[in-house]
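# How does the following fold in three dimensions:
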Amino acid sequence: CGSCAMRINGQAGLACNTKMSDALPRGGGPITIEPAGNMEVIKDLVVDFQPFWDKIRAVEPWLQPEGPEPETEYLAPNEAMLHEAGVMACIMCGACVSDCTVLAIDSNFLGPAALAKAYRFVVDPRDAADVSRLGKLNEYGGVWDCTRCMACVEVCPKGVAPMDRIMTLRDKAMEAGFTNTYGARHATAFSELVEHSGTLDELRLPIKTFGMFNIKKLLGLLPVGIRAQMAGKRPPIFHKKIPGVQNVRRLFEKAESRR
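The predicted model follows:
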């Protein structure tokens, strides 16, 4: 049912299906039990789930069909429902939210559970609110705030893979025309640079992401550049193509043809 999610040895999990023999640290030692993370502790292992439910409600988790209401029910193709079965397996345990590294520093982030729930409705063929949904998810706190740390994928007890759903939502947002955000421009620039030379040109990436004339943003990256220089990790000023770059470009062409 998902009601016993907690941190076991520093990682979220369900206490009901975690064997003590599996939880024992290598070499012995105590098993550490803590409340779920990123939620306020009420008492002992009990945490306040209200922010969790607020974020779920924020993505409008209900069908918004278009046209006259059918006499019986809204039908969906079998293959569509089979595809959605994975994300509909979510039991709202909050394990992914507990270990989300973004929520640990920014409570405005919708979080992996809510975004996975949003994916469920965006890909539902019966729902007609895709554009408006994606527009809201494209804003601050939405799909572009995920850092792809994969923590939510690792701890999800039902294999929902929230991060994978978030990445698909990014693609769908861009396909819907929401391309004028730093996240979308970053993704596009990253792809274009790798396709051009076979490796990432890290000096051109922020310029293409923020724009050449966004002086404030570019100057904000100056301390990062200084630390990279001092550590001997500054990218080369003149980026060169790798040998056999045409093979990389063919991979991009093949991937594009399959979309």
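# who touches the closest residue to Glu40 other than its chain neighbours in this structure?
Distance criterion CB to CB, 6 or more residues apart in numbering; nearest residue to Glu40, sequence neighbours excluded, is Asp48 at 4.4 Å. Where you see a C-beta, it was placed from the backbone N, CA and C, and this is true even at glycine. Asp48 is in contact with 39-42, counting by CB atoms under 8 Å, 6 or more residues apart in numbering.
# same question, Gly244
Counted by CB under 8 Å, 6+ apart, Gly244 has contacts Gly198.
# Can you give me the distance of it to Ala231?
Gly244 is 30 Å from Ala231, where distance means CB to CB, to the nearest Å.
# nearest to Asp164, of the contacts of Asp48?
Relative to Asp164, the closest of those is Met39; by CB to CB it sits at 23.5 Å.
# picking that back up, I'd like to know which of the contacts of Asp48 is nearest to Val160.
Met39 (18.6 Å).
# residue farthest from the centroid of this structure?
In the chain, Glu71 marks the outermost C-alpha relative to the chain mean, sitting 37.8 Å out by CA atoms, centre = their mean.
# how far away is that residue from Asn78?
From Glu71 across to Asn78, the span is 21 Å (CB to CB).
# got it, and Phe238?
Per CB to CB, Phe238 is found 55 Å from Asn78.
# what ranges do the helices span in the stretch 151-259 of the chain?
Using DSSP state H, counting those that start in this stretch, the helices of the stretch 151-259 of the chain run over 151-155, 162-175, 182-197, 204-210, 215-220, 222-230, 245-257.
# actually the stretch 1-150 of the chain, not the one I typed
For the stretch 1-150 of the chain, the helices defined by DSSP H, counting those that start in this stretch cover 20-23, 50-58, 78-88, 95-98, 112-122, 130-137.
# For my notes, please list the ones you listed in CSV and give distance to Arg7, mean pLDDT and mean neighbour count for each entry.
Below are those laid out as CSV (distance: least, CB to CB, whole Å; pLDDT from 0 to 100; neighbours: other CB atoms under 10 Å):
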stretch, distance to Arg7, mean pLDDT, mean neighbour count
helix 20-23, 11, 90, 10
helix 50-58, 15, 97, 16
helix 78-88, 24, 90, 13
helix 95-98, 7, 97, 29
helix 112-122, 16, 97, 25
helix 130-137, 28, 95, 18
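# want to try JSON lines for those helices, with distance to Ala189 as columns?
Formatted as JSON lines, the helices of the stretch 1-150 of the chain follow (distance: least, CB to CB, whole Å):
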{"stretch": "helix 20-23", "distance to Ala189": "43"}
{"stretch": "helix 50-58", "distance to Ala189": "29"}
{"stretch": "helix 78-88", "distance to Ala189": "29"}
{"stretch": "helix 95-98", "distance to Ala189": "29"}
{"stretch": "helix 112-122", "distance to Ala189": "23"}
{"stretch": "helix 130-137", "distance to Ala189": "21"}
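# quick one: which of those helices is nearest Arg204?
helix 130-137 (27.9 Å).
# quick one: contacts of the closest one?
Contacts of helix 130-137 (CB under 8 Å, 6+ apart): 59-60, 110, 115, 118, 121-122, 127, 142-143, 169, 172-173, 176, 178.
# tilt between it and helix 112-122?
Here helix 130-137 points in a direction 160 degrees away from that of helix 112-122 (axes from the mean of the first three to the mean of the last three CA atoms, to 10 degrees).
# from the chain's centre, how far out does helix 130-137 sit?
Averaging C-alpha positions (CA atoms, centre = their mean, to the nearest Å) puts helix 130-137 16 Å from its chain's average.
# Could you do stretch 98-107 as well?
Put simply, stretch 98-107 sits 12 Å off its chain's centre (CA atoms, centre = their mean).
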